[in-house]
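>>> What follows is a predicted protein model with its sequence.
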Protein chains: 2
Amino acid sequence: MSTQTLKRPSKAAVRRNATMFAALGDEIRLQLLIKLGTSVPQSIKQLTLDLPVTRQAVTKHLHVLENAKLVRQETHGRERRFIGCQAGLDDAQTALNVIAQQWDDALTRLKQLVESTQRE
Amino acid sequence: MSTQTLKRPSKAAVRRNATMFAALGDEIRLQLLIKLGTSVPQSIKQLTLDLPVTRQAVTKHLHVLENAKLVRQETHGRERRFIGCQAGLDDAQTALNVIAQQWDDALTRLKQLVESTQRE
DNA sequence: TTACCATGCAACTTGTTGGTTGCACAATGG
DNA sequence: CCATTGTGCAACCAACAAGTTGCATGGTAA
């Protein structure tokens, strides 16, 4: 029973997930994502307010986030307005779940191994 | 009802989460974490097998992962054996949940705003 | 039209990261 | 004891990331 139904992530999947987590792995970018939870949608200018970096830096960060499918933008006149992209977060959650599940399995197997060894 | 019970993450929390996600944001490190799901515990030498980098590189990656509380080690004679650290993954999941929840709230407020505007 | 404002694009600096090689050391097994 | 093996540590390098400044551009509003 339960003979390992989870498949190992493909090379491409690993790369995609790495990109996504790397996008999440920066203080400014996390602050941007949090800020997108206070009001929606927001322009680059707005998002730059009370962040300790210039508008251009924020632009770059937003580009990284967009690349990782964590935000999307809608051009509106001369403004670009950004919104958080739920699907991206879901992918991250799923990736974490896969790893957590495999660790569980590994620990279970380890425990069984120890027990069977002790019986002999 | 439901007048925003979630608190904004503190500066320190944001920094901690950024460190954690940054640790997850590398292909080699993800492969290491996945590998820790195939057998447990494993030495540095074992973990280096069929990875395209040297043992020293793997050592550095493991250090990053340990720093982010994603793995822990037990010294065993001259070997250091590594195991995935579930608590670290849980923290990551929680952080993602907080952001997702806030995005939901923001979209809800946006929708309400649009509706109330249309009524007037 | 003209002035303004949000943004894009490019060049450049600086710090960090991922990787290597070389050597030293301590536990293990003959 | 001696050879082997798993590791740690340090120096070094190349590539990349984060940030800046300066200038160009294209909507918007007077």
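Everything's here; your move. Residues are numbered from 1 along each chain as shown, chains lettered A, B, ... in the order given.
>>> Report the separation between the closest residue to DNA strand D within chain A and chain B.
Per C-beta to the nearest atom of the strand, A:Gly77 is where chain A lies closest to DNA strand D, at 2.1 Å. To be clear about C-beta, it is placed using only N, CA and C from the backbone, and glycine gets the same treatment. Using C-beta to the nearest C-beta, to the nearest Å, A:Gly77 is found at 18 Å from chain B.
>>> Contact partners for that residue?
Going by C-beta atoms under 8 Å, 6 or more residues apart in numbering or on different chains, A:Gly77 touches no other residue.
>>> got a list of what the residue nearest the centre of chain A touches?
Centroid check for chain A by C-alpha atoms, centre = their mean gives A:Ala92 as the closest residue, at 4.1 Å. Taking C-beta under 8 Å, 6+ apart as the criterion, A:Ala92 is in contact with A:17, A:20-21, A:24, B:96.
>>> let's go with 10 Å and repeat that
A:17, A:20-21, A:23-24, A:68-70, B:21, B:24, B:92-93, B:95-96, B:99-100 (C-beta atoms under 10 Å, 6 or more residues apart in numbering or on different chains).
>>> Name the nearest of these relative to B:Ile44.
Here the nearest of these to B:Ile44, counting by C-beta to C-beta, is B:Leu24; it sits at 19.7 Å.
>>> Give the closest residue to that closest one in space, chain neighbours not counted.
A:Phe21 (3.7 Å; C-beta to C-beta, 6 or more residues apart in numbering or on different chains).
>>> Sticking with the one you found, tell me its helix or strand.
In the assignment (DSSP states H and E), A:Phe21 maps to helix A:11-24.
>>> by contact count, what packs against that helix?
Helices and strands touching helix A:11-24, by 3 or more C-beta pairs under 10 Å, 6 or more residues apart in numbering or on different chains; DSSP states H and E, are helix A:27-35, helix A:55-67, helix A:86-119, helix B:11-24, helix B:27-35, helix B:86-119.
>>> Distance of the residue of chain A closest to DNA strand D relative to B:Lys35?
Distance from A:Gly77 to B:Lys35, counting by C-beta to C-beta, to the nearest Å: 50 Å.
>>> Where does pLDDT dip in chain A?
A:1-7, A:117-120 (pLDDT under 70).
>>> swap the cut-off to 80 and go again
A:1-8, A:114-120 (pLDDT under 80).
>>> Close to DNA strand C: what parts of it are there?
A:43-45, A:55-56, A:59, A:78-80 (C-beta under 7 Å from any atom of the strand).
>>> Filter the residues you listed down to the buried ones.
Neighbour-count burial (16 or more other C-beta atoms under 10 Å in any protein chain shown) applied to the residues of chain A next to DNA strand C gives A:44, A:80.
>>> tally of neighbours for A:Gln42?
20 (other C-beta atoms under 10 Å in any protein chain shown).
>>> how close does it get to A:Arg72?
13 Å.
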